[in-house]
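**Student:** missing the sequence, but the structure's below:
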């Protein structure tokens, strides 16, 4: 008996190993999968502007990196006691403009350098709905609780997204011809527009990605949305709000991603890292005991050996 409709995944034309450098941009999927990759010591850069949900704001993040943009106070807005950037998540905001700029520019500088050697760029879109600042005439990544009247809200079309990304990815690949771009659509429901509105939004994203995969080289799709909708069709795989996915669902999506894209040679190291991480994160009953100190030293030495192996693998690339 088959009690589940399994989403079949094609064998990919590339694999991820410890010489691969990844960049993750977009919605919560890249935060979740990116955290897993970091846990296993893959070289990963995640959301230099914070979580971004819509395709145009993800494109804006890439444009900032390609241009090597440095923000000045003229790029910020004052909102109550905070200085904010409309291109950034609220975690970059600060009471002092200098502090806000330091957070933004130091993070961007790191990601500009990382992008130059990125092998796999993972992009996740969450919604086709965007907010355009009326006065500035630009789509924003975050409204930062400014009045709703400051913005015009509308839904992108597949053509809107395709036009922006055809040009953007063409420029990206002209600069970095070997970079692979892997798209996904977030399975998290955006319920503001109801069930039908959410489906229309996701459909726009899926249609746009399909066109980009069809028309451009080195562009791929991972069906995280379909895996949740078709394989995990049960509310036990959702958080309490019934919109976000649960930790179990995140783990399941990660396993499908791992089994699809991560090469067999990396799996042995991942198992060693997982074992050491779990030991080092354990809270012992008696941290001062000789037994625990020996175990700690053994696992610390094991992690140092693993990191040496990883550095050698990256040096060969």
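**Tutor:** That came through, no problem. In this text the structure is predicted, and so the values were computed from the model without any measurement.
**Student:** Where does residue 127 fall, secondary structure wise?
**Tutor:** Here residue 127, judged by DSSP states H and E, is contained in no helix and no strand.
**Student:** go on, residue 101?
**Tutor:** Here residue 101 sits within helix 97-115, counting by DSSP H and E.
**Student:** which strands and helices sit next to that helix?
**Tutor:** On a contact count with 3 or more Cβ pairs under 8 Å, 6 or more residues apart in numbering; DSSP states H and E, helix 97-115 meets strand 21-26, strand 43-46, helix 55-67, strand 82-84. Every residue, glycine included, has its C-beta placed from N, CA and C.
**Student:** got the contact list for it?
**Tutor:** Contact with helix 97-115 is made by 21, 23, 45, 48-49, 64-66, 68-73, 76, 82-85, 88, 91-94, 176, as judged by Cβ atoms under 8 Å, 6 or more residues apart in numbering.
**Student:** Just the buried positions in that helix, please.
**Tutor:** For helix 97-115, the buried set under the neighbour-count rule, 16 or more other Cβ atoms under 10 Å, comprises 100-101, 103-104, 107-108, 111-112, 114-115.
**Student:** before we move on, back to that, pipe the helices and strands packed on helix 97-115 into TSV and attach mean pLDDT, mean neighbour count and distance to residue 217 per row.
**Tutor:** Below are the helices and strands packed on helix 97-115 laid out as TSV (pLDDT from 0 to 100; neighbours: other Cβ atoms under 10 Å; distance: least, Cβ to Cβ, whole Å):
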stretch	mean pLDDT	mean neighbour count	distance to residue 217
strand 21-26	98	24	19
strand 43-46	97	21	23
helix 55-67	98	20	17
strand 82-84	98	20	38
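**Student:** between the ones you listed, which one is nearest to residue 129?
**Tutor:** For residue 129, the closest of these is helix 55-67, at 10.6 Å, according to Cβ to Cβ.
**Student:** and after the closest one, which helix or strand comes next?
**Tutor:** Per DSSP H and E, the first helix or strand lying C-terminal to helix 55-67 is strand 77-79.
**Student:** how much space between the residue lying closest to residue 37 once chain neighbours are set aside and residue 8?
**Tutor:** Counting by Cβ to Cβ, 6 or more residues apart in numbering, residue 37 lies nearest to residue 44, which is 4.5 Å off, once chain neighbours are set aside. To residue 8, residue 44 is 27 Å away according to Cβ to Cβ, to the nearest Å.
**Student:** got it, and residue 231?
**Tutor:** Counting by Cβ to Cβ, the separation of residue 231 from residue 8 is 11 Å.
**Student:** And for residue 269?
**Tutor:** From residue 269 over to residue 8 the distance is 28 Å, taken as Cβ to Cβ.
**Student:** who has more neighbours, those two?
**Tutor:** Ranked by neighbour count (other Cβ atoms under 10 Å), residue 269 and residue 8 place residue 269 first, with 17 against 6.
**Student:** any idea which element that one lies in?
**Tutor:** Going by DSSP H and E, residue 269 is part of helix 264-280.
**Student:** Give me the buried positions along that helix.
**Tutor:** Of the residues in helix 264-280, those buried (16+ other Cβ under 10 Å) are 266, 269-270, 272-273, 276, 279.
**Student:** So which of those residues is the closest to residue 307?
**Tutor:** Closest to residue 307 out of those is residue 273 (9.3 Å), distances taken as Cβ to Cβ.
**Student:** Tell me how many other residues surround the closest residue in space to that closest one that isn't next to it in sequence.
**Tutor:** Distances taken as Cβ to Cβ, 6+ apart place residue 40 nearest to residue 273, at 5.3 Å, with adjacent residues excluded. Applying other Cβ under 10 Å, we find 21 residues neighbouring residue 40.
**Student:** Surely residue 40 and residue 270 touch.
**Tutor:** Yes. Using Cβ atoms under 8 Å, residue 40 is in contact with residue 270, at 4.8 Å.
**Student:** where's residue 170 relative to residue 97, distance?
**Tutor:** Distance, residue 170 to residue 97, by Cβ to Cβ: 36 Å.
**Student:** Also residue 4?
**Tutor:** If you measure residue 4 against residue 97 using Cβ to Cβ, the figure is 53 Å.
**Student:** tell me which element residue 122 is part of?
**Tutor:** Element membership of residue 122 [criterion: DSSP H and E] is strand 120-125.
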